[in-house]
Structures are given as C-alpha cells and as structure tokens.
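Enquirer: Sequence and predicted structure are below.
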Amino acid sequence: MGETATAQGLAEQLVRSRALIPTGAQGVYGHGEDFSFAIEGLSRAINRLFGRQAERMRFPPVTPRADLERIGYFRNFPHLLGTVHCFCGDERTHRDLVKTHDAGGDWTGAQAASDLVLTPASCYPVYPAMAARGVVPEQGYTVQVQSHCFRREPSTDLARMQSFQMHEFVRIGSPEQAWAFREEWTERGRDFFAALRLSAELEAANDPFFGRAAGVMGQGQRQQQLKYELKVAINDAAATTACMSFNAHLDHFGKALELRTPDGEAAHTACVGFGLERIALALFRWHGVDPAAWPSDVFDLLDG
Ligand code: ATP
Ligand code: ZN
C-alpha cells in the first residue's frame, strides 16, 4: 500500500504530485493524471455497476434560469446559486468598460443576468426534461446523469469545492417507487464504499438552507428522514464529510413542474448523488497519493 497522506498534508501532497492543479480560486482545481484516473474510473465503475437499468443523460454545466425559478432554488439556496452574466451593451458602453478596467475600477457593472444559471446539482435538468415528455408512465423513470456542478461556497476546506462533479441516479414515479428507490440505494451505497475499502457512516442530514428559515426547514427535513448521507473522514479523522447523498423530494419537483403520474397526482422524486471529487479525495487520503500503489482490487475496479 502507498504512503497514506496525513490530513493536513493532503492538499499539498496532491498539488506536489500534480494530481490537483490549483487555479488560484478557492475550491476550483484542474485535474492532473492521477486525479483524472480516480474521477474517470469512479464514473465508469458506477456506470458499470449500477447503470444498466437507468436511462443515461448528460447535460452541460448550465441550466435555463427559468427552470430553477420554477423549482424555487433561489428561494432556499440563494447563497449557492451562480448566475451567468454577460455583456450586452453597445460600443460606447464597451469603451467605458475598458476605460474603467484600465483605471483599476470595477468593469463588471455592464454585465447583465442572462437566461442561464450554473447547474447546482446534476439532477436538476432531468425533471424539466421528463416533464416535457408528458405523463410519467406507470413504471416511472430511472435516469443516470453526471455533470459539473457549481455552488458558491468558497472555502479553505479541500473537500468543499465551488466546482465539482456529481454522478446521480434519479427516480420519478409514484410515492412508493420513489421511496423504495431511496431505501434500496442506501444499501448499494454502503456496498460501493466497502468495495473501495473506505469506511463510511450513514447519517441523517439536511440541506444548507439560507437565512432565518434554515433551522425550521432543516429540522423538518430531518424529522421526515428526507436526506441521508454516507460520510467518510477526509480532512480530519474526527470530522467526516458527505461523499454520497440519498434524497427524497416528495412531490416538490412534481408539483413545481407539473410532472404527473397516470392517476393525475404530482409525481414523487428521489435522487442519489455520488460526489466524485470527495470520493477521490477519500481514496487518496486512505490509500495514498499514488494510485498505482492502491490495493489491487480498488485499482482494478477503477481501471476497468
Ligand atoms: P438535491 O436534493 O438538491 O438534488 P443533491 O443530492 O443533488 O441534492 P447534495 O446532497 O447537496 O446534492 O450533494 C450531493 C453530493 O455532492 C454530496 O454528497 C457531496 O459528495 C457532493 N458535494 C456537495 N457539495 C460539494 C462541494 N462543495 N464540493 C465537493 N463535493 C460536494
Ligand atoms: Zn439530486
């Protein structure tokens, strides 16, 4: 087995081995050879192990703003949402902008919000796409999706990135179908981490709601057991980090997007998300900074 990275030294070691390429912005990294091996290997392994019964979809890392407005993302998580702003002035505005920049001023005042936002979770584009198909069939939908996600949470914590990739499985159907899917997946998730030889704990969780309502919203989510996370020690042996999430949304997306089942009711949805960078970090943390020296079954799983 390779040298196990110490908690504090993990970022430094991964930068030194060129696995991670710092960009200068907090939580925004390029991936070198070894990190790419881990991320791409995880994505392929997840697809190989679990992807067979799911319809595969891939979306770019931007989503129509109108869809997130319908879903109400900005109500609960305004602090996390990144909006795409663009210059849409005339030549005179442009001349002023360049002048302001050259004088050391803030040139971004001429930028206006576009019709796009940065995708905050891979599953968001799936619900509108399925709603556009009409009534959800009796057997429901199971979708597999992966994309780059953005959340405005700059941090010195290596595991809290602003840009990261989430591989998700999404279920859309009756309340029973959505709930059963979420339950089945907690077992599958545990097995996956065992196959990676990572010790993971399943814990009840809540989303990071904004502002004064956060306490009540988070408590409600926990009481109804709507969110679980599989947590692994990455930075600190004592504090664990969520590497995978299991979410029941009830009829939130069904109602917001008029996604209906054949009985005319709003569809229920559930999603499970693998945080690829965090799982990769856990592998480097526990198996060492050189993937070639990882336990051979773990290496083979990712190399397949
Ligand atoms: P939603 O119910 O809104 O669809 P979700 O399950 O898609 O939620 P989260 O549970 O917030 O989204 O995140 C899924 C996974 O993404 C987490 O378990 C984690 O591994 C990873 N993740 C979340 N935030 C970050 C971050 N800032 N940096 C790296 N990975 C992250
Ligand atoms: Zn999701």
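Expert: Done, it's in. Numbering: from 1, shown residues only. Ligands and ions are numbered 1, 2, ... in the order given.
Enquirer: how about low-confidence regions in the chain?
Expert: Scanning the chain for pLDDT under 70 picks out 1-8, 237.
Enquirer: Next, the closest residue to His287 other than its chain neighbours: phi, psi?
Expert: Leaving aside its sequence neighbours, His287 sits nearest to Trp294 (C-beta to C-beta, 6 or more residues apart in numbering; 4.3 Å). From N, CA and C alone the C-beta is placed, and that goes for glycine too. With angles defined as degrees, to the nearest 10, Trp294 sits at phi -70, psi 160.
Enquirer: any idea how far Trp294 lies from Ala110?
Expert: With the distance defined as C-beta to C-beta, to the nearest Å, Trp294 ends up 50 Å from Ala110.
Enquirer: between those two, who's got more neighbours?
Expert: More crowded of Trp294 and Ala110, by other C-beta atoms under 10 Å: Trp294, with 25 against 16.
Enquirer: Find the closest residue to ligand 2 in the stretch 201-304 of the chain.
Expert: Of all residues in the stretch 201-304 of the chain, Cys271 sits closest to ligand 2, at 3.3 Å by C-beta to the ion.
Enquirer: pretty sure that residue is in a strand, no?
Expert: Yes: counting by DSSP: H, G, I helix; E, B strand; the rest coil, Cys271 is found in a strand.
Enquirer: Bridged to it, which residues?
Expert: Per DSSP bridges, the residues bridged to Cys271 are Val170, Asn247.
Enquirer: Please shift the residue numbers so they start at 783 in all later answers.
Expert: Got it, the first residue is 783 from now on, which makes the last one we talked about Cys1053.
Enquirer: Neighbours of it, how many?
Expert: 28.
Enquirer: ditto for Leu1065
Expert: 27.
Enquirer: which residue sits closest to it, ignoring its sequence neighbours?
Expert: Using C-beta to C-beta, 6+ apart and skipping residues adjacent in sequence, the residue nearest Leu1065 is Ala820, 5.7 Å away.
Enquirer: Now do the SS call for that neighbour.
Expert: Under three-state DSSP, Ala820 falls in the helix class.
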